[in-house]
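Colleague: What follows is a predicted protein model with its sequence.
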Amino acid sequence: MTSPTRPASAAASTEIVPPGGRWSGRLEAGDRLRITDIEGQQAVDFLCYGADMPLDRMNLPNTIKLNKSLYVTRGCRIYSDHARVLFTVEEDSCGYHDTLAGCCSNESNKLRYDVDTTASCRANFIAELSKWGLGPSEIVSNINFFMRVPFKEDGHVVIADGISKAGDHVVLKAERPVLAVLSNCPQEHNPAAGGKPTPIEVEVIRAASL
Ligand SMILES: [Zn+2]
């Protein structure tokens, strides 16, 4: 599949991540990561780390405070524990990405829906992080691209139907060497994946090829 706005020749790699699948990769400063919600309403759980300093993890409280926004969208920067900029959100055709709800897990699915599952974003994160020598304790609160979690003034929070349309995408520009990890959410028990998980496209565009 070709990128909607970039010529395929500019891409270093393009991968279709199936429903419930996972992906990780290292990007250098200036590289872009483009994530496309191919069919719409598909949550993509996302973690990132400073690749030259792996314990410098994405930090959502820093990201929320420094962007003055609970939602991540175009122009936002994704900050680390040490308040270093890991990514800048360069493009966003959806406009709404969650920082509150974190990832699904087998344990929370049991409590919330009384189901026994083996597929979850937490399980995906654990499997993908192990490729880089990182353990479960390095999982932090994550961004949920294309997932909508509105809240009320009294603090009430719900996972609502996503508003992403087929082909919606974000482009993240790496501001330093980073490790990016994502889970294409397998959740079938709430609207995070529209009740029916679908594939996404992940494209890495190397700075040298632009
Ligand atoms: Zn999930």
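Modeller: Arrived safely.

Colleague: Going by C-alpha atoms from here, please, whenever you check contacts or count neighbours.
Modeller: Will do.

Colleague: For the ion, give me its nearest residue in this protein.
Modeller: At 3.8 Å from the ion, Cys185 is the closest residue in the chain, using CA to the ion.

Colleague: Name the SS class of Val89, please.
Modeller: State at Val89, reduced to three classes by DSSP: H, G, I helix; E, B strand; the rest coil: strand.

Colleague: Next secondary structure element downstream of the lowest-mean-pLDDT helix or strand in the chain?
Modeller: Lowest on mean pLDDT, DSSP states H and E among the helices and strands of the chain sits helix 106-113, with a mean of 90. Later in the chain than helix 106-113, the nearest helix or strand by DSSP states H and E is helix 121-130.

Colleague: residue nearest the centroid of the protein?
Modeller: Phe46 (2.6 Å; CA atoms, centre = their mean).

Colleague: In three-state terms, label that one for me.
Modeller: Reduced to three states by three-state DSSP, Phe46 is strand.

Colleague: Check for me that Val72 belongs to a strand.
Modeller: No. Counting by three-state DSSP, Val72 is located in no strand; its state is coil.

Colleague: was I right about it contacting Tyr96?
Modeller: Yes. Under the criterion of CA atoms under 8 Å, Val72 makes contact with Tyr96 at 6.7 Å.

Colleague: Near the ion, which residues of the chain? Just list them.
Modeller: 104, 121, 185 (CA under 5 Å from the ion).
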